[in-house]
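K.L.:
Here is a sequence together with a model predicted from it:
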Amino acid sequence: MLTQAPRIVTGRIDHADSHTLERYLATGGYKALHKALRMGREAVRDEVNRASLLGRGGAGFPAGRKWSMLRPSETTYLVVNGDEGEPATFKDHLLIERDPHQIIEGAAIAAYAVGARLAFVYCRGEFALGLERLTQACNQAYGYGALGRRIFGSAFSLDVVVHPGAGAYICGEETALLESLEGKRGFPRIRPPHFPAAFGLYGEPTVVNNVETISALPWIVQHGGDAFAALGVGSSTGTRLFALSGRVAHPGWFELEMAKTTFRDLIFDPALGGGIADGRALKAFIPGGVSAPWFGPGELDLGLDQDAVGGAGSMLGSGSVVVLDDATCVVRAAWRITRFFYRESCGQCTPCREGGHWLEKILRRIEEGGGRFSDIDLLMDVCDNLAPGLGWLPQQTTICVLGPSIPSSIASAIRMFREEFVAHIRNEGCPFDAALIAGAGTR
Amino acid sequence: MTAHLTAANRARAEALVALYPQPRSALIPLCHLAQSQDGWLSGEAMEEIAELCGVTASDVYGTATFYDMFHLDKVGRHVIAICTNIACLLAGAYELVDHAERRLGIRCGQTTEDGEFTLEEAECLAGCDAAPCVQVNHRFVGPLDTDGFDRLVAELAAGKRRADIPPHGVLCRIERTVGLPGAKTTARPRAGD
């Protein structure tokens, strides 16, 4: 169901000039920063803990706990992760372009709470307009007194640097992002010891928070952590920005109360997704970015709830839902997702670098008609080497989780639609009518 | 060493280096700066960036080659990137790529002979509610069908999109106007000075 929950991070973006300082101030902007500076660091941290704000980047780790794990040090850095790249995710892009001041204010609040005097906003390089708007907002915030020396007359000083990425999905992974911010290739760091809270940017304790997480902070400070926690169910508190795409009538972003709305509502409600495109039927959906295992029509009534989705064997991840209709070839869909991971692998770890490429080649040959009946088991075997899922160390065979994300779509497609793989192999080609599937050939 | 960056860009570069606690952090912003000047990232530019960041030219090369946005060869004035990832695939992105290759007479990764267009297949550009997603010089122009693509190419060739689509390499047209309190505002000594 749709609730009357307030729009916490998208409250002002219906205004055409939502990115300007004038609109930001006219809609209550920078009042939360004033309030935070009066409250004191401890009180701000306390409100964020009460809110139980889960990180909105994909891993869903509680933001307050992330802050509390910082190693005590003279120097602490804050980094806002705006390197949105998980396929089908487009919420941070929206917030960066349409409400950059909210990110600046949220960053100032977070930096104050954790005692950082220098913060970086790492913005995906392909967001040229977003970089311009963030830079403009940053300039204006200094002029307004919300950044720089002695903010709003307080003892707190903060500098914010907007830093462009340059086109590498892996830099959304927080330790790769820090390497990139140090001017290096985006190679994830091994943990332990390189937990950013202990040894982050330049070896100093560092908080890395997602754009949407940071954007929620002004509202939490203004309205209190309890008001945020009153929304949602259980550990899934507040609202969340969902990105809906694929074969749905109305693709778009929707800020919804956590857990109260179901996938059925999101995909079929006339005010939200409006059903499957062209009146077709739902075949499957990806509930939380392409790293997430797929769901079928049987899971439609699950709530948009981190625990419920996790309990059902997938993840809410980055909050992006992709709809596959009955004309979608799942081999082709799984191939394209796998191709993405293989291309974006940083290359450090053999299982990901080589395994990703093997999986891509096997899926391609099945789709193009050269598949063998043994390929289905071979796919699962390579997946198993990439993400053994052991209950003991090493639980994964790679430094970061990019590699272990690859099997999600392949294993889902085989589990749910094994007969479709068999049909590809038996027919020596894709059984889908080329007129039904958008585009022909896997190139 | 002969300077590759113009005097104005050299000043911008030194201001960028001063923003960071360690000069190497400016490496990627400086590569963008050089690419905004030339449209691509040349060996001469990388040598100057190395000097500015206090690293070797091979450090710059090794880093720049990791990132898709840096072009180490000349590209067209308009780099057209079509996303083919899952949401765009479902919206017909590969049909659009096929059409674009025929229309421009080049394959993805190639540049037209007149130096006007480079075509690229992109990974998800985070614009999935407007699929298939297309960028020209990192400005969003989609969603496009095949007719829309032809109109776009005609407009670009006729110079009608110069106001909203700057030349390739130009990323952020807004300059930072604020320094860092307490940061060194004077230029760092150059290697060899």
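P.N.:
All right, it came through fine.
K.L.:
Stretch A:323-341 and chain B, are they touching?
P.N.:
Yes. Stretch A:323-341 lies within reach of chain B by C-beta under 8 Å from any C-beta of the partner chain, at A:Leu324, A:Thr328, A:Arg332, A:Ala333, A:Arg336, A:Ile337, A:Phe340. Glycine gets a C-beta too; all of them are placed from N, C-alpha and C.
K.L.:
Please narrow those to those residing in helices.
P.N.:
Using DSSP state H, the members of the residues of stretch A:323-341 next to chain B that fall in helices are A:Arg332, A:Ala333, A:Arg336, A:Ile337, A:Phe340.
K.L.:
Buried ones in the longest helix along chain A, by neighbour count?
P.N.:
When chain A is parsed with DSSP H, its longest helix is helix A:402-427. By neighbour count with 16 or more other C-beta atoms under 10 Å in any protein chain shown, helix A:402-427 contains the buried residues A:402-414, A:416-417, A:420-421, A:424-425.
K.L.:
avg pLDDT for that helix?
P.N.:
Averaged over helix A:402-427, pLDDT sits at 95.
K.L.:
Next, the contact list for the residue nearest the centre of chain B, please.
P.N.:
By C-alpha atoms, centre = their mean, chain B has its centre lying nearest to B:Gly169, at 3.6 Å. By C-beta atoms under 8 Å, 6 or more residues apart in numbering or on different chains, the residues touching B:Gly169 are B:His32, B:Gln35, B:Ser36, B:Gln37, B:Asp38, B:Gly39, B:Trp40, B:Asn137.
K.L.:
Would you mind putting those into a markdown table with distance to chain A and neighbour count alongside?
P.N.:
Listed next are the contacts of B:Gly169 as a markdown table, based on distance: C-beta to the nearest C-beta, whole Å; neighbours: other C-beta atoms under 10 Å in any protein chain shown:
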| residue | distance to chain A | neighbour count |
| --- | --- | --- |
| B:His32 | 6 | 24 |
| B:Gln35 | 9 | 24 |
| B:Ser36 | 11 | 18 |
| B:Gln37 | 15 | 20 |
| B:Asp38 | 16 | 19 |
| B:Gly39 | 15 | 21 |
| B:Trp40 | 13 | 18 |
| B:Asn137 | 8 | 25 |
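K.L.:
Please tabulate the residues you listed in a markdown table, including the columns pLDDT.
P.N.:
Shown next, in a markdown table, are those (pLDDT from 0 to 100):
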| residue | pLDDT |
| --- | --- |
| B:His32 | 98 |
| B:Gln35 | 98 |
| B:Ser36 | 97 |
| B:Gln37 | 97 |
| B:Asp38 | 97 |
| B:Gly39 | 97 |
| B:Trp40 | 97 |
| B:Asn137 | 98 |
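K.L.:
which SS class is the closest residue to B:Phe66 other than its chain neighbours?
P.N.:
Excluding its sequence neighbours, the residue lying closest to B:Phe66 (C-beta to C-beta, 6 or more residues apart in numbering or on different chains) is A:Arg185, at 4.0 Å. Of the three states, A:Arg185 takes coil according to DSSP: H, G, I helix; E, B strand; the rest coil.
K.L.:
From A:Glu367, how far out is the residue nearest to the centre of chain B?
P.N.:
36 Å (C-beta to C-beta, to the nearest Å).
K.L.:
ditto for A:Val48
P.N.:
Taken as C-beta to C-beta, the span from A:Val48 to A:Glu367 is 47 Å.
K.L.:
The longest helix of chain A near chain B at all?
P.N.:
No. Helix A:402-427 stays clear of chain B (C-beta under 8 Å from any C-beta), getting no nearer than 8.8 Å.
K.L.:
show me where chain B has helices.
P.N.:
B:7-18, B:27-38, B:43-53, B:57-64, B:86-89, B:93-104, B:146-157.
K.L.:
Same list, those, but as JSON lines with distance to A:Lys260 please.
P.N.:
Formatted as JSON lines, these follow (distance: least, C-beta to C-beta, whole Å):
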{"stretch": "helix B:7-18", "distance to A:Lys260": "46"}
{"stretch": "helix B:27-38", "distance to A:Lys260": "41"}
{"stretch": "helix B:43-53", "distance to A:Lys260": "50"}
{"stretch": "helix B:57-64", "distance to A:Lys260": "46"}
{"stretch": "helix B:86-89", "distance to A:Lys260": "25"}
{"stretch": "helix B:93-104", "distance to A:Lys260": "34"}
{"stretch": "helix B:146-157", "distance to A:Lys260": "39"}
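K.L.:
picking that back up, helices or strands next to the longest helix of chain A in the packing?
P.N.:
When contacts are defined as 3 or more C-beta pairs under 8 Å, 6 or more residues apart in numbering or on different chains; DSSP states H and E, helix A:402-427 sits against strand A:282-286, helix A:330-344, helix A:350-368, helix A:375-386.
K.L.:
same thing but 6 Å
P.N.:
When contacts are defined as 3 or more C-beta pairs under 6 Å, 6 or more residues apart in numbering or on different chains; DSSP states H and E, helix A:402-427 packs onto helix A:330-344, helix A:350-368, helix A:375-386.
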